[in-house]
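A.B. asks: need a 3D model of the sequence below.
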Amino acid sequence: MGLLYYGGGAEPIQIEDRALAHLKVVIATKLRRNESFTLSWQHPEGDEPGRSTIWLHPSIPLRFVFDEPEPPELHAEWITAMAHSANSSGGITMVPEDMTPPE
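C.D. replies: Presented below is the predicted three-dimensional model:
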């Protein structure tokens, strides 16, 4: 399970390593362009039910931590799906990889 540390919060956001690797590409691209946006996700199993949203801004510290030492092979369609949602008024919505069109 990967971890996303956001701002000064001590509690990381838990996101599966493969999903976090794809999300990192989209977030880095947006922040490199000095763009702000939201990120929304459903709470993982074992946490209280619900969903959360954070506001991502280039000036807020962000750190990605992965369990796996090697990065996974990236799926371009999944990155594209997340990037399209990042450009919407709703911000990035974590969509499962199997919800993306086949390559």
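
A.B. asks: show me which helix runs longest in this protein.
C.D. replies: Identified as the longest helix of the chain according to DSSP state H is helix 17-32.

A.B. asks: packing partners of that helix?
C.D. replies: Contacts defined by 3 or more C-beta pairs under 8 Å, 6 or more residues apart in numbering; DSSP states H and E place helix 17-32 against strand 2-6, strand 37-42, strand 51-56, strand 62-65, helix 76-86, strand 92-93. (C-beta placed from N, C-alpha, C; glycine too.)

A.B. asks: repeat that with 6 Å
C.D. replies: On a contact count with 3 or more C-beta pairs under 6 Å, 6 or more residues apart in numbering; DSSP states H and E, helix 17-32 meets helix 76-86.

A.B. asks: in the longest helix of the chain, which residues are buried?
C.D. replies: Buried positions in helix 17-32, judged by neighbour count with 16 or more other C-beta atoms under 10 Å: 17-24, 26-27, 30-31.

A.B. asks: likewise stretch 45-57?
C.D. replies: Applying a neighbour-count criterion of 16+ other C-beta under 10 Å, one finds 54, 56 buried in stretch 45-57.

A.B. asks: let me have the buried residues of helix 17-32 in JSON lines, extended by distance to residue 4.
C.D. replies: Shown next, in JSON lines, are those (distance: C-beta to C-beta, whole Å):
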{"residue": "17", "distance to residue 4": "11"}
{"residue": "18", "distance to residue 4": "14"}
{"residue": "19", "distance to residue 4": "10"}
{"residue": "20", "distance to residue 4": "6"}
{"residue": "21", "distance to residue 4": "11"}
{"residue": "22", "distance to residue 4": "12"}
{"residue": "23", "distance to residue 4": "8"}
{"residue": "24", "distance to residue 4": "9"}
{"residue": "26", "distance to residue 4": "12"}
{"residue": "27", "distance to residue 4": "9"}
{"residue": "30", "distance to residue 4": "14"}
{"residue": "31", "distance to residue 4": "13"}
